[in-house]
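Engineer: Please work out how this folds:
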Amino acid sequence: MENFYLEGTSKTPLLDFNAGTGKFVVEGRSIPENSIEFYRPLFEWLDKYIESPQANSILDVKLEYFNTSSSKCIVEIFRKLEHLQEKGQDVLINWFYEEDDEDMQESGEDFQDIIDVKINMHMIEEE
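Structural biologist: Got it, this is the predicted structure:
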């Protein structure tokens with residue numbers, strides 16, 4: 001299975017999903033014009049990945065900012081990983097936020113409440 005990679009822009013995040021290692025990264029800003037259209041190829045890729053996944057899948061989320069429509073797509077990514085966990089696979093989500101970014105911290109905590117996958121919160125200390 002091919003990996004899924006999309007370079008980030010000022011409005012869209014880096015998407016780096018490695019089928020061979022089960023390591024996934026979403027990083028940057030997510031404010032695309034049409035979130036559903038932007039994330040649809042990733043949703044389709046995840047559906048295929050779920051058919052023959054790695055034993056462990058780890059998603060690192062390192063977003064600076066995302067809009068409301070992107071949050072719905074992020075939940076959809078998490079839901080797909082939830083299905084993977086229901087099939088008996090190990091799934092872990094790492095949510096990274098900067099020390100002074102309470103909004104991103106609260107967003108991660110909100111996702112923890114609605115997703116049945118372990119979400120580890122990681123504060124990035126400012127230097």
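
Engineer: Can you show me the CA trace of the longest strand seen in the chain as CSV?
Structural biologist: If you go by DSSP state E, the chain has its longest strand at strand 56-66. C-alpha atoms of strand 56-66 as CSV (Å, rounded to 0.1, in the frame of the first residue of the first chain):
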residue,chain,number,x,y,z
ASN,A,56,0.4,-0.4,16.1
SER,A,57,-0.8,2.9,14.7
ILE,A,58,0.3,6.2,16.1
LEU,A,59,-1.1,9.6,15.1
ASP,A,60,0.8,12.8,16.1
VAL,A,61,-1.4,15.9,15.8
LYS,A,62,0.7,19.1,15.9
LEU,A,63,-1.8,21.8,14.7
GLU,A,64,-1.3,25.5,15.3
TYR,A,65,-4.8,26.3,14.4
PHE,A,66,-7.9,24.7,12.8
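
Engineer: State the paired neighbours of that strand in the sheet, together with their directions.
Structural biologist: strand 23-30 (parallel), strand 90-98 (parallel) (DSSP bridges).

Engineer: Comparing the ones you listed, which stretch has the densest surroundings?
Structural biologist: Each of the strands paired with strand 56-66 was scored by mean neighbour count; the highest is strand 23-30, a mean of 20, by mean count of other CB atoms under 10 Å. The C-beta positions use only the backbone N, C-alpha and C, and glycine is treated the same way.
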